[in-house]
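Visitor: This is the structure alone, sequence omitted:
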């Protein structure tokens, strides 16, 4: 069916992937309408503000900043005119129940000193690990991360066949980490990188050790003013390019005629015809609720292990806890048992690892004078409906705070002046995320990454997906790359 070229491209959802796709499509000279159901764009990258405290609610660390620079360059703009990125030193501070502490510095001399302090024998092992993960990155970056990808068939190329062993996909993240490091503390640090995509280090393929390489080789960054300023900058750029951004505009249905996506219908009844539709929403939700005839695909996706979810505590506290850096990890004492509980038994971990972001360390205005803003995140099982989170949460919240006090944050409970929380159920409702999963489908098997819905829908022409639920996965840079990839796919399918 011929598509009138004057019809717009419609983006359903204003997360970072949707914004990136909108910007790149507009830069191609296309008319673009973006519809976001919430009052603010940004998706999981968002804000919670109350009583003088500001909390970033989603991603708290930026890697691969060149991806953002490339996005602005595609629109003939300079990122530095819109954003200020700052390296965070140390990238993260780690604490263990035995009293050990480790600062992950980006400056190599300080990092090596830290490794030598806790395990001298692992200094050469660290360099071997970085060389190994660099080879993985070189093998997968081009064919998997940086170009449009519609399924496993496209990845099976002579180049990838030559690199099959190099990408280390036949053992787990943990097995590879154990092969390199002797220190149990270092092993736990490097296993943690599997959690960046919502997976278990004991199940996900060792290919994902490239996440550690990316952070250590390219650095970890923070957006001055808060991570949400990235969304603010992309909104400004999109508006300059003529993108029609509509907030509080939930989509009720993606309209399909003769096998082709032809527009959307909003919940208020408004019909918007389209040349193509790009979905920046959880694919399982979209197939189940928005796409006619999509229930079969929704059921297929529901059978795949979701990533884990989270319990989030927003704590405004009076006073200062000087041991806290910008990013902090308080490890549990039994990492395998923690993932067994979350991933396999679908219950909260008894001794959970606790992440704390205190952005007031970099942006003092994020808390009143003499106070701190603590964004506390604990990995939690995906919400399968069996757990009454509102009933469980009060005791689990007290358990988390008690753990932090035991590990050094003495007096935390009595210092709290503001508290709010989100459960997996809240995440599911707020973001239409299936099971409250933060990262969509997990990567707890060698081929899970290829089970994600492709950028281009297989059974509906003119329908595309973007964001953390599709290729190449979750996290700020990968979501932005999905916007680049889907715009390239559309350009090939529908030349301007």
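Guide: Received the coordinates, thanks. All values derive from a computational prediction rather than experimental measurement.

Visitor: Over to residue 11. Which of the three states is it?
Guide: strand (DSSP: H, G, I helix; E, B strand; the rest coil).

Visitor: tally of neighbours for the closest residue to residue 439 other than its chain neighbours?
Guide: The spatial neighbour of residue 439 that comes closest, neighbours along the chain excluded (C-beta to C-beta, 6 or more residues apart in numbering), is residue 198 at 3.2 Å. The C-beta positions use only the backbone N, C-alpha and C, and glycine is treated the same way. Taking other C-beta atoms under 10 Å as the criterion, the count of residues near residue 198 is 28.

Visitor: Test my guess that residue 260 contacts residue 459.
Guide: No: taking C-beta atoms under 8 Å as the contact criterion, residue 260 and residue 459 are not neighbours in contact, 10.7 Å apart.

Visitor: Looking at the two, which one has more neighbours?
Guide: Looking at residue 260 and residue 459 with other C-beta under 10 Å, you find the greater number of neighbours at residue 260, namely 16 against 12.

Visitor: Apart from its chain neighbours, what residue comes closest to that one?
Guide: If you skip the residues right next to it in sequence, residue 260 has residue 461 as its closest partner in space, 4.3 Å away by C-beta to C-beta, 6+ apart.

Visitor: Based on its surroundings, how many neighbours for the one you found?
Guide: 17.

Visitor: Check the gap between the residue nearest to residue 439 and residue 107 for me.
Guide: When distance is defined by C-beta to C-beta, to the nearest Å, residue 198 is 30 Å away from residue 107.

Visitor: List the single closest residue to residue 27 in space, sequence neighbours excluded.
Guide: Taking C-beta to C-beta, 6+ apart, and ignoring the residues beside it in sequence, residue 27 has residue 75 as its nearest neighbour in space, at 4.7 Å.

Visitor: looking at it, the one you found is touching residue 239, isn't it?
Guide: No: under the contact definition of C-beta under 8 Å, residue 75 does not touch residue 239, with a separation of 11.4 Å.

Visitor: if I pick the residue nearest to residue 439, what's in contact with it?
Guide: 306-308, 437-440, 442-443, 474 (C-beta atoms under 8 Å, 6 or more residues apart in numbering).

Visitor: Kindly recompute the last result at 6 Å.
Guide: Listed by C-beta atoms under 6 Å, 6 or more residues apart in numbering, the contact partners of residue 198 are 307-308, 438-439, 442.

Visitor: Which among the residues you listed count as buried?
Guide: 307-308, 438-439, 442 (16 or more other C-beta atoms under 10 Å).

Visitor: Helix or strand for residue 377, just tell me which one.
Guide: If you go by DSSP states H and E, residue 377 is part of strand 371-380.

Visitor: And for residue 356?
Guide: According to DSSP H and E, residue 356 maps onto strand 354-357.

Visitor: what residues go with each domain of this protein?
Guide: Structural domains annotated on the chain: 9-45+65-76+225-304+442-493, 108-147+157-216, 308-381+384-422, as defined by automatic domain parsing.

Visitor: related to what we said a few turns ago, ok, the residue nearest to residue 27 - contacts?
Guide: The neighbourhood of residue 75, defined by C-beta under 6 Å, 6+ apart, consists of 23, 27, 237, 241.

Visitor: Could you do residue 209 as well?
Guide: With contacts taken as C-beta under 6 Å, 6+ apart, residue 209 has the following neighbours: 133, 173, 176.

Visitor: What does the pLDDT read for residue 451?
Guide: What the model reports for residue 451 is a pLDDT of 67.

Visitor: er, residue 197 actually
Guide: The confidence metric pLDDT takes the value 86 at residue 197.

Visitor: ok, now the one 3 residues further on?
Guide: What the model reports as pLDDT for residue 200 is 94.

Visitor: by contact count, what packs against the following helix or strand past the strand holding residue 377?
Guide: Secondary structure here is assigned by DSSP H and E; on that basis, the next helix or strand after strand 371-380 toward the C-terminus is helix 389-406. With contacts defined as 3 or more C-beta pairs under 6 Å, 6 or more residues apart in numbering; DSSP states H and E, helix 389-406 has these neighbours: helix 412-415.
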